[in-house]
Every structure is written in structure tokens, then in C-alpha cells.
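[1] Requesting a structural model of the entry that follows:
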Amino acid sequence: MQNPNSQENNSILETGRNVIDLEAKALTKLSAEFPINFPEAISLLFNCEGHIIISGVGKSGHIGKKISSTLSSTGSPSIFLHPAEASHGDLGLIKQSDILLIISHSGETVELANILSYAQKLSIKIVSVTAEPKSTLAKKANLVLNLPHVPEACPNGLAPTTSTTLVLALGDAIAVSLMKKRNFSQKDFSMFHPGGKLGAKLR
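    Numbering: from 1, shown residues only. Purely as a prediction, here's the structure:
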């Protein structure tokens with residue numbers, strides 16, 4: 001007689017592997033359908049004289065914070081701006097020398113409206129990351145990095161899982177491309193990262 005716990009463990013293992021397989025396939029699709037205007041986006045961000053200001057809501061916001069942190073630590077000064085805080089005074093941190101990198105899977109996130117309106121009034125460049133090229137965000141952006149439609153790993157097809165993996169990977173692609181364009185070295189990295197095991201290793 002088979003151990004019931006063994007059956008449950010096998011089921012859990014299968015679920016875990018299926019999630020990884022599904023997200024791996026999504027990443028492969030992103031690579032195959034990679035935004036053709038990616039070099040243009042990198043050029044725009046590279047020539048930014050101010051900060052790359054990243055914004056998004058919910059899971060997109062959490063991913064945006066990570067991308068912003070990676071950019072700042074690799075030679076591209078970045079700030080994450082929460083849309084709710086932006087609407088209560090933090091719009092003031094956006095300068096004309098900045099570039100906005102706005103993340104929204106649907107491109108219809110209502111909380112982003114005030115940031116988009118403010119950016120248009122000041123003629124601030126907007127790069128959008130979305131899966132909907134005909135969305136409001138895409139229409140208001142100067143440049144759209146379009147993501148492919150992929151099924152979420154969530155069994156209900158609702159919780160952002162696969163889609164956020166794609167945004168995270170695209171963010172890494174942006175950061176690494178900017179690093180190469182800046183000839184960002186280990187010495188440069190050590191200046192921004194003196195602490196922790198990485199800092200010790202570089203020293």
C-alpha cells in the first residue's frame with residue numbers, strides 16, 4: 001500500500017516543476033518575440049541626464065522596485081515612485097531630465113493616470129512595459145516594450161506569476177544592456193556595493 005504522504009509529496013513536486021516549466025516556456029517566448037525597439041529604449045535610458053523613475057501598482061510595483069534597485073547599483077540612478085504617493089505630492093520629485101519607466105500588464109491601471117498626465121504636461125519621456133500595445137499606457141508612452149501574452153502559473157489563471165517573471169527578466173535585460181553600454185566594471189560595482197559578501201569578495 002502506497003504511503004498517502006508519498007502521493008501528496010509527488011503531487012507537490014509535480015506542481016512545482018510544472019510552474020518552473022511554464023515560466024521557462026514563457027521566457028523562451030519572450031526571447032523569441034523580444035521587443036524589436038529594445039535598442040531604442042536602451043539608448044533613451046542611457047542618455048537620461050536625471051533619474052530613471054519606475055512606477056507600477058501591485059505586483060508590477062514590487063517588480064519595479066527590484067528593477068530600480070538593480071539599475072541604481074549598476075550605474076543607472078533610479079527611483080521607484082508609488083503612484084498613490086505621486087498623487088499626494090511626490091510628483092514633485094519628477095524632473096524634466098528624468099525618464100519614466102512604467103509597468104502595467106494591462107496598460108489600464110487607473111492609479112497611473114496622474115503620473116502620465118504630469119509627464120505629458122512637462123514633456124517627460126515615457127517608456128512603458130505592457131502586454132497590451134493598444135492600451136492607454138501604450139498610447140501615452142514614447143516607446144513601448146511589449147510583452148507576449150502567456151498563461152499565468154496560478155491554477156486560477158489570475159495571480160501574477162508568469163507575467164511578473166517576464167517583467168523581472170526584461171528588467172535584468174535592461175540593466176545588463178546599460179551596464180555594457182557604460183562599460184560598468186567590477187571596480188565601479190564595488191563603489192556602490194561595499195557591504196555584504198559581494199563587497200567583501202570585491203575587496
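[2] Mind listing what's buried along stretch 173-186?
    Buried positions in stretch 173-186, judged by neighbour count with 16 or more other CB atoms under 10 Å: 173-175, 177-179, 181, 184. To be clear about C-beta, it is placed using only N, CA and C from the backbone, and glycine gets the same treatment.
[3] Which one of those residues is nearest to S135?
    Each of the buried residues of stretch 173-186 was checked against S135 using CB to CB; the closest is I174, at 20.1 Å.
[4] mind checking how far the top helix by length along the chain is from the chain centre?
    If you go by DSSP state H, the chain has its longest helix at helix 4-32. Remark: helix 4-32 is offset 23 Å from the chain centroid, using CA atoms, centre = their mean, to the nearest Å.
[5] Now the element after it, going C-ward?
    helix 38-46 (DSSP states H and E).
[6] Check which helices and strands that next one is in contact with.
    Packing partners of helix 38-46 (3 or more CB pairs under 8 Å, 6 or more residues apart in numbering; DSSP states H and E): strand 99-103, strand 126-130, strand 143-146, helix 162-182.
[7] so which of those gets nearest E85?
    strand 99-103 (14.7 Å).
[8] The closest one pairs with which strands, parallel or anti?
    Partners of strand 99-103 in the sheet, by DSSP bridges, are strand 52-55 (parallel), strand 126-130 (parallel).
[9] So which of those strands is nearest E33?
    With CB to CB as the criterion, E33 lies closest to strand 126-130 of the strands paired with strand 99-103, at 13.9 Å.
[10] If I take that closest one and helix 38-46, what angle do their directions form?
    130 degrees (axes from the mean of the first three to the mean of the last three CA atoms, to 10 degrees).
[11] Just the CA trace of strand 126-130, in PDB.
    Taking Å, rounded to 0.1, in the frame of the first residue of the first chain, the C-alpha atoms of strand 126-130 are listed here in PDB:
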ATOM      1  CA  ILE A 126       7.800  57.600 -21.000                       C
ATOM      2  CA  VAL A 127       8.900  54.000 -21.700                       C
ATOM      3  CA  SER A 128       6.100  51.500 -21.000                       C
ATOM      4  CA  VAL A 129       6.200  47.800 -20.300                       C
ATOM      5  CA  THR A 130       2.900  46.200 -21.000                       C
END
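[12] So what touches it?
    Strand 126-130 is touched from outside by 41, 44-45, 99-107, 116, 119, 137-138, 140-147, 167, 170, with contacts defined as CB atoms under 8 Å, 6 or more residues apart in numbering.
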